[in-house]
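S.K.: based on what follows, work out the 3D shape:
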Amino acid sequence: MSAQIMEAKPLPGAFILEAAEHGLTAASTLSSFSPSSKSTDLASKISLSATLLSEIGKQVNLHADCFKENFQTTFQHVPTKCEEQYLKLLKALQKASSFKKGDVVEGGPRTPQKPWARLLSALEMDKDQFEEFEETLDESLSSVLMLQQVVSLIVLQIRAQKVQQARPAQERVGKASRDDARRQDCFSGGIQPH
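M.R.: Numbers count the residues shown, from 1 in each chain. Below you'll find the model as predicted:
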């Protein structure tokens, strides 16, 4: 065994999987925090984008040879934006979970007691600001869907190139095999080859 220990090259989809993990945690935490329709809708939206990111990261890792080193630099903004949103929500969920009856928000009135209102308070958002936050989540989901398409196209393009490169060699082998078979038929049937 060599005295040199080579460092393992990180998988190209690791940064995507990391963001996805935060999203799945945020969705799960939100679902258990408040069973309201608002939180369920938000958890579903986050879960969808995080699940897609997870699948994208797995596909990138599975086809690691298809992705150049600049892949992360080029597309990191998509999972990074999602991860920022997920972490913001997780932090707010931790803060909202720690509120107790009668707690006072710094510089504000008593802490709202309904889970959804506590979450908005922890996010430091009013209803309109939260709607803007939801819009950014929708934009992030659209970006994730586009990233999914880009990754699929990269994989398909590389596979097609590999098939195209292998085809001429297969055709030569196939033609040689057919020629050999014809010669064999000619010799075994008493027919002289041309």
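S.K.: shaky segments in this structure?
M.R.: Along the chain, segments meeting pLDDT under 70 span 1-8, 101-112, 169-194.
S.K.: quick one: the helices in it?
M.R.: 14-33, 37-62, 71-75, 77-98, 115-123, 127-188 (DSSP state H).
S.K.: adding mean neighbour count, write the ones you listed out as a markdown table.
M.R.: In short, each C-beta sits where N, CA and C put it, glycine included. Output for the helices of the chain, formatted as a markdown table (neighbours: other CB atoms under 10 Å):
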| stretch | mean neighbour count |
| --- | --- |
| helix 14-33 | 20 |
| helix 37-62 | 19 |
| helix 71-75 | 15 |
| helix 77-98 | 19 |
| helix 115-123 | 20 |
| helix 127-188 | 12 |
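S.K.: ok, Val151 touching Gln59?
M.R.: Yes: under the criterion of CB atoms under 8 Å, Val151 makes contact with Gln59 at 5.7 Å.
S.K.: next up, the contacts around the residue nearest to the spatial centre of the chain.
M.R.: In the chain, the residue lying closest to the centroid (CA atoms, centre = their mean) is Leu53, at 1.8 Å. Taking CB atoms under 8 Å, 6 or more residues apart in numbering, we find Leu53 in contact with Ile16, Leu17, Ala19, Ala20, Gly23, Pro79, Cys82, Val144.
S.K.: tell me the contacts of the closest residue to the second one other than its chain neighbours?
M.R.: Just to be clear, that refers to Leu17. Leaving aside its sequence neighbours, Leu17 sits nearest to Gly57 (CB to CB, 6 or more residues apart in numbering; 3.7 Å). Shown in contact with Gly57 (CB under 8 Å, 6+ apart): Gly13, Ala14, Phe15, Ile16, Leu17, Ala20.
S.K.: cutoff 7 Å now
M.R.: Gly13, Ile16, Leu17, Ala20 (CB atoms under 7 Å, 6 or more residues apart in numbering).
S.K.: ok, for the second one, nearest residue in space, not its chain neighbours?
M.R.: Just to be clear, that refers to Ile16. Leaving aside its sequence neighbours, Ile16 sits nearest to Gly57 (CB to CB, 6+ apart; 3.5 Å).
S.K.: now the first one
M.R.: In space, and not counting its chain neighbours, Gly13 is closest to Val60: 3.2 Å by CB to CB, 6+ apart.
S.K.: where's the one you found relative to Leu17, distance?
M.R.: According to CB to CB, to the nearest Å, Val60 and Leu17 sit 9 Å apart.
S.K.: find residues that contact each of those two.
M.R.: Listed as contacting both Val60 and Leu17 by CB under 7 Å, 6+ apart is no residue at all.
S.K.: right, and Ile158 touches Lys68 too?
M.R.: No: using CB atoms under 7 Å, Ile158 makes no contact with Lys68, being 10.3 Å away.
S.K.: how near is Ala122 to Val151?
M.R.: 34 Å.
S.K.: now swap in Ile158 and tell me
M.R.: Distance from Ile158 to Val151, by CB to CB: 11 Å.
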